[in-house]
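Visitor: Predicted model and sequence below, questions to follow.
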Amino acid sequence: MSMTAKPFENELKILKNRPDINTIHSTIAKLSLNGIITIPSASVGDILNYIANSTLLEIYENLDEIKGLKRDLVTLFRSLAGIRALISSLSLLSTKQKLQSKSDHVEKSKTLILLDILSNVLNPGILCVLYSQIKNDKKCEFYWQDICSMFLGGKIMTSVCETVMLLKVDVHSRINWYWLYDSREYASFIGKEIAKALSQNLDSSLIAKFLKRALTIANLDQVLPHLIDKESFESLAVLLDKSIGIDFFQFYSSLIHYCQITFLAEAFDSQAASKHVAGAAFIFYRIFPEDQKQRILKLQLQYSSNVLMRRAFVVWIVEIGWQKEAFNIILRQWGDPILIRNAQITRQEVMTEILLLLIPHLSTEQIHDVASGPDFLNGISERLQAITPAVRYMGMYLANAISERDSNRPIFDGIPDFQDIYDEIKKRLAHHDHISDSGSFWDDLNFLTRETISLQKVRESESKSEVTDTGDVNSESHIYPSKVNFAESDSDDEFEPYAIMDDGSEDSDDDPTLKREKILPPLYILDMISYLQETEADKGAVMKHKMALTKGATLILKKASYGSELESNAEELATILIGLKNNFGLVDFEKMKLRSMIALVFSVPNLIGPFFSRSLAYGDYSLQEQLMLLSALALGAVYLSGSRENAEIPLDEPYFASKRLPSHIESRFMAVEYPYEIKSSGLSEVDHQIKEVQKTALSITAEKAINEVSKEPKILRVSRRLQIQREKIHNGENKNKLAKIAGSHFFFPLATHWKLFAARMNGNPFGPITISHYVKTLSIILRFSYPSSPDILDMAAELFGMIMMLQRDATETSIMEAYLTATMIITEVIEPETLVRMFPRQILQVKEDLSMTWESLVDKRIHDMAAGVLLRLSELVNKYQILLIGGYL
């Protein structure tokens with residue numbers, strides 16, 4: 001009885017016989033015919049994997065010489081199974097590169113061919129192509145889930161980033177596949193694919209699943225331009241109406257930001273501005289779900305928007321009939337005495353303008369209720385008692401606006417300067433805005449006049465000649481025109497003001513020449529934020545920055561113990577601290593900044609741990625700022641662990657100033673001198689912790705380790721310190737706050753972005769130091785979460801995988817130290833038998849690598865450390881030979 005041949009069995013046999021190039025081409029051309037290879041199967045996987053792993057790598061030199069061969073290959077791999085095969089082949093080549101001591105030029109050329117083929121396979125419309133191939137299959141939903149995971153789960157970018165890192169490819173040369181490596185370009189590609197799918201009316205439930213995951217990726221601002229356009233918008237709105245469960249904050253905050261910078265920039269004349277406001281309001285009306293209106297209102301009040309955005313937002317509120325409730329919600333916050341004293345002026349300005357914009361849309365009865373209500377009367381009273389002129393003026397504006405609607409006469413009339421300001425504000429906010437209809441909204445959003453175009457050109461030329469202190473679209477106040485001087489302020493233009501002294505001395509009441517406003521320590525987190533955002537020296541910016549940084553850590557720790565103020569403002573404060581520059585030449589600026597960042601990690605680790613990790617991966621920060629982020633995470637983890645010597649964060653003194661190692665040990669474990677550009681980023685503080693761990697873990701002398709690794713290993717002494725720690729845990733003495741959250745909030749968020757970060761360091765002169773610092777940070781988190789963290793084994797497995805990638809670059813002293821430290825900590829925190837059972841291959845591979853290289857290490861400190869680690873691994877191998885052999889096989 002003859003058996004039926006498997007599909008593509010003949011073609012696979014032909015290719016395995018190593019035919020000539022023409023036969024290979026004809027076979028591939030036959031396989032690439034439309035409709036032959038679409039649905040994944042075992043036989044499809046066999047033929048595609050063989051072509052990707054063997055055939056393609058044999059003919060790569062002739063790929064451009066045979067006409068049509070490359071085109072047929074791209075067609076062949078344009079399927080779910082084909083993309084799988086290419087990614088798998090890239091991973092295999094990367095693994096092979098890891099095991100080689102140096103980069104192979106041939107292997108590098110083969111990998112570049114695979115990347116080139118992959119980038120051509122993922123051409124515009126690939127999502128629609130894949131859908132057409134699987135739509136009639138009974139496993140359609142299963143395959144679509146795989147597509148979502150491949151495109152949006154990081155499989156494609158991870159394989160490309162790993163390859164770039166291992167091969168040290170210069171992505172800045174903008175080779176044709178560089179967009180697969182660049183996260184912003186890749187996000188733009190995802191946006192185009194969704195737009196194409198929406199225009200082709202694909203199955204809405206499948207597109208909804210893809211869209212839901214796409215709206216959670218980084219660089220969402222690169223996705224939205226392709227969805228908020230004339231062709232895709234209505235389909236997008238329909239999908240969103242189906243409540244697909246999107247990430248609320250990320251999507252709507254990105255949407256608001258995108259609409260402002262794209263459609264509501266203030267470089268418009270009044271006619272064009274009104275059209276754009278109407279169009280943007282229609283976008284909000286179609287996209288914003290009414291059941292989320294309170295959350296959207298809160299988001300808008302926190303967002304630093306311009307007046308056009310506020311106008312569009314008010315139109316949306318009116319369109320859904322929510323003006324009365326929204327006005328009352330904002331009014332209660334606006335009159336809150338705590339908010340009046342502590343909220344930023346810009347935030348209070350946003351609230352005041354929205355209230356003024358809502359007043360024309362309230363009925364006479366509603367206005368009367370407001371005018372006689374306690375929220376309004378108490379709010380006006382609180383504001384009129386405020387010390388700051390700006391806050392008082394806000395109360396006067398709203399009081400006049402309500403009074404004019406209620407009784408046709410203003411309350412505050414005839415006050416010098418005030419009437420001119422108030423009239424100007426009324427004129428600027430006096431717009432009869434409306435919402436566009438569905439047929440004209442896109443025309444409204446693209447409406448331009450000659451005056452607008454001329455105004456844009458003028459503003460562009462002005463922006464080139466001006467350097468602003470901040471990129472905030474609302475950096476210049478709209479409520480207070482700069483030409484107006486407050487009555488309270490002195491205007492002695494003929495006198496040159498004294499510079500503010502930065503010596504912390506008290507003002508003298510007896511000296512009339514000293515006329516300085518005394519800067520008090522911040523009492524609230526919002527005060528600290530306001531101090532750090534001050535940029536003008538004549539408003540006390542120098543002393544405000546110094547005061548905020550000097551007292552910042554103390555304030556953060558104090559606020560962590562009660563109330564929700566710190567938690568509500570933690571991410572905003574963290575963002576400011578990360579990007580804060582020493583524009584005023586403060587002494588010990590970096591130390592004070594790092595201290596505040598550590599205090600944030602310690603006080604709200606559930607928020608700041610993941611936030612710092614995301615900022616490290618996706619934020620546009622300098623190398624020094626990235627290193628400081630890592631330092632803050634590492635040192636914050638140390639303090640959270642609650643170990644005796646690190647129980648309290650040093651608030652006023654240099655870190656670890658008195659904790660010096662004995663001189664003979666310090667000479668062995670002393671950290672390298674870091675370059676000037678990055679030495680103030682907390683590297684030495686992290687190295688101190690690493691040295692403590694090294695000293696404890698390698699409790700044998702370096703001389704003994706060197707002597708023993710060449711002999712038959714003896715019993716290795718276990719760290720007594722770890723035994724004591726384990727006993728304390730059992731006795732309930734040690735309260736390690738890090739243990740439960742180490743994996744979820746610190747280690748894994750950082751490890752997730754490791755490959756992307758390491759690839760970015762390619763070609764950077766400080767790359768080895770930075771990568772070493774990254775690995776040391778993860779090692780510290782693992783070490784100080786011991787012994788009660790439930791994620792110890794998972795973290796160790798992840799760290800072992802990372803250090804395997806470092807073997808090729810371990811010739812760098814800094815990377816070798818990180819490599820040895822991570823290995824040492826893994827062997828320290830996991831019981832020997834468990835370690836051998838779980839990681840037999842890694843143990844043997846590291847031991848073999850160190851056996852061949854440790855004697856050639858030039859740096860004595862690293863040489864001695866390598867001897868100690870090798871001795872520990874040798875003892876494990878000797879003691880658990882049977883387990884190791886069984887696990888390896």
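Guide: Received, thanks. Numbering: from 1, shown residues only.

Visitor: Verify the stated contact: Ser94 with Ser159.
Guide: Yes. Applying Cβ atoms under 8 Å, one finds Ser94 in contact with Ser159, separated by 7.4 Å. In this view, the C-beta of every residue, glycine as well, is placed from N, C-alpha and C.

Visitor: neighbour count winner among those two?
Guide: Between Ser94 and Ser159, Ser159 has the larger neighbour count (other Cβ atoms under 10 Å), namely 23 against 20.

Visitor: check contacts around that one.
Guide: Contacts for Ser159 (Cβ atoms under 8 Å, 6 or more residues apart in numbering) come out as Ile87, Leu90, Ser91, Ser94.

Visitor: rerun that using 7 Å as the cut-off
Guide: Ser159 makes contacts with Ile87, Leu90, Ser91, as judged by Cβ atoms under 7 Å, 6 or more residues apart in numbering.

Visitor: Same check on Phe589?
Guide: Contacts for Phe589 (Cβ under 7 Å, 6+ apart) come out as Leu549, Asn582.

Visitor: Kindly provide the distance from it to Ser631.
Guide: 15 Å (Cβ to Cβ, to the nearest Å).

Visitor: With Ile126 instead?
Guide: 42 Å.

Visitor: Then Lys593?
Guide: Distance from Lys593 to Ser631, by Cβ to Cβ: 11 Å.

Visitor: try Pro749
Guide: 16 Å.

Visitor: Check Leu92 too.
Guide: Per Cβ to Cβ, Leu92 is found 36 Å from Ser631.

Visitor: ok, now Gln344?
Guide: Shown here: Gln344 relative to Ser631, a distance of 28 Å by Cβ to Cβ.

Visitor: out of the two, which sits in the more crowded spot?
Guide: Neighbour count, other Cβ under 10 Å: between Gln344 and Ser631, Ser631 has more, with 24 against 16.

Visitor: which stretch of helix or strand covers that one?
Guide: In this assignment (DSSP states H and E), Ser631 forms part of helix 623-641.

Visitor: Quick one: list the elements packing against that helix.
Guide: With contacts taken as 3 or more Cβ pairs under 7 Å, 6 or more residues apart in numbering; DSSP states H and E, helix 623-641 sits against helix 565-579, helix 589-603, helix 605-618, helix 683-697, helix 767-784.

Visitor: so can I have a markdown table of these showing distance to Lys298 and mean pLDDT?
Guide: Below are these laid out as a markdown table (distance: least, Cβ to Cβ, whole Å; pLDDT from 0 to 100):
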| stretch | distance to Lys298 | mean pLDDT |
| --- | --- | --- |
| helix 565-579 | 11 | 89 |
| helix 589-603 | 22 | 91 |
| helix 605-618 | 17 | 86 |
| helix 683-697 | 38 | 69 |
| helix 767-784 | 34 | 86 |
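
Visitor: wait, which of those helices is closest to Leu57?
Guide: helix 767-784 (28.9 Å; Cβ to Cβ).

Visitor: Which residue is the nearest non-sequential neighbour of Ile47?
Guide: Distance criterion Cβ to Cβ, 6 or more residues apart in numbering; nearest residue to Ile47, sequence neighbours excluded, is Phe8 at 4.4 Å.

Visitor: what about Val391, helix or strand, and which?
Guide: Short version, using DSSP H and E: Val391 is in helix 389-407.

Visitor: What lies in contact with that helix?
Guide: Applying Cβ under 7 Å, 6+ apart, the contact partners of helix 389-407 are 340, 345, 348, 352, 355-356, 359, 367-368, 370-371, 376, 380, 383-384, 386, 409-412, 418, 422, 425, 480, 486, 488.

Visitor: wait, doesn't Asn49 sit right on Ile87?
Guide: No. Using Cβ atoms under 7 Å as the test, Asn49 is too far from Ile87 to be in contact (10.9 Å).

Visitor: Please name the residues that touch Ile134.
Guide: Going by Cβ under 7 Å, 6+ apart, Ile134 touches Ile39, Leu80, Cys140, Tyr143, Trp144.

Visitor: quick one on the thing from earlier: any chance of the helices and strands packed on helix 623-641 in JSON lines with distance to Met547 as columns?
Guide: Listed next are the helices and strands packed on helix 623-641 as JSON lines, based on distance: least, Cβ to Cβ, whole Å:
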{"stretch": "helix 565-579", "distance to Met547": "15"}
{"stretch": "helix 589-603", "distance to Met547": "10"}
{"stretch": "helix 605-618", "distance to Met547": "22"}
{"stretch": "helix 683-697", "distance to Met547": "23"}
{"stretch": "helix 767-784", "distance to Met547": "30"}
